[in-house]
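Trainee: Model the following, please.
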Amino acid sequence: MTDVQFWSEDNRFGTKIGVQNVGEILRYCQESSPQETGGILLGRYSAAHDCALIEKVTGAPVDSQMGRTWFVRGVRGLQAKLDLLWRRNEGYYLGEWHFHPFGSPIPSSVDVKQLQKIARSRLYRCPEPMLMILGGDPANSWTMRAFLFRRRSKTRVELSYLSNALGRLPFGPIDASPIFGSDYSDAFDLSTPT
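Mentor: Next up is the predicted model:
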C-alpha cells in the first residue's frame, strides 16, 4: 500500500497515512457534504517515535453534531473501539480528522483549542495529537493538510506533504508543499475496498 506522507520542516515529526484511508476520508466527506464531518485517526508510532503511522480512520460517531461550518465529534462507541485496539496491541488514538466543505484545510480557532485541550488531557494519553483537515469539494477539487499539536506548546507544527516518498524531507532548503490534494491524487488509487 502506498502512503501519503507529511513531515515537519525540521524532520522531527511526521505522519504517514495509507491511500486507502485517504479514500475512506473522502468517502465520509462525500456522504456528509455540504456539512462538516470528522472522526479519529488510529494507528501506532514508528520505532523512532517520530512518525505517526495512521492505519485506520473512523467516521463520525452517531452522537456527533454537524452543520455547514461546524462539527462536534461525538464519543459513542469510540472508547470500546479504542479499548479493543489496545487489548489486541493493534494501535491507539493518534488524533483527529475533519472536513471543511468548500473551504480551506486550515484549522479554525475552535479546532486549535480542541487539539490543544486533547494534547494536555491525561485521558487521551496523546501528548502530540495529529489533525488532518480535508477542504474543498471531495468529489472534485480538494486539499488536505496535516498539523501536530504538542502538550507543552501553544503553537501547532504544520507538516508538509512529501511527494517524493523518501520518508523524510531533505536537509537544507525544502521544496515541499504543505498541501496534498486532488491535483496529486491521480498518482494514487484512492478507491476504498468494497
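
Trainee: I'd like to know which helix or strand in the protein has the lowest mean pLDDT.
Mentor: Across the helices and strands of the chain, mean pLDDT, DSSP states H and E gives its lowest value to strand 180-181, namely a mean of 76.

Trainee: for it, packing partners?
Mentor: Counting contacts by 3 or more CB pairs under 8 Å, 6 or more residues apart in numbering; DSSP states H and E, strand 180-181 is packed against strand 142-149. Using the backbone N, CA and C atoms, a C-beta is placed for each residue, glycine as well.

Trainee: coming back round to it: adjacent strands (with direction) for the least confident helix or strand of the chain?
Mentor: As defined by DSSP bridges, the strand partners of strand 180-181 come to strand 142-149 (antiparallel).

Trainee: tell me the centre residue of this structure?
Mentor: M132 (2.9 Å; CA atoms, centre = their mean).

Trainee: And that one, how far from L159?
Mentor: 9 Å (CB to CB, to the nearest Å).

Trainee: so what sits against both of those two?
Mentor: Listed as contacting both M132 and L159 by CB atoms under 8 Å, 6 or more residues apart in numbering are T15, R145, A146, F147.

Trainee: Apart from its neighbours in sequence, what residue is nearest the first one?
Mentor: Spatial nearest neighbour of T15, excluding adjacent residues (CB to CB, 6 or more residues apart in numbering): A52 at 4.4 Å.

Trainee: Any idea how many residues pack against the one you found?
Mentor: 26 (other CB atoms under 10 Å).

Trainee: before we move on, the earlier item: got the contact list for the residue nearest to the centre of the chain?
Mentor: T15, I17, I25, L41, G95, E96, W97, H98, M144, R145, A146, F147.

Trainee: Of these, just say which sits nearest to D111.
Mentor: H98 (7.5 Å; CB to CB).

Trainee: what's near enough to touch that closest one?
Mentor: So H98 contacts E36, T37, G38, G39, F71, R73, D111, L131, M132, I133, L134 (CB under 8 Å, 6+ apart).
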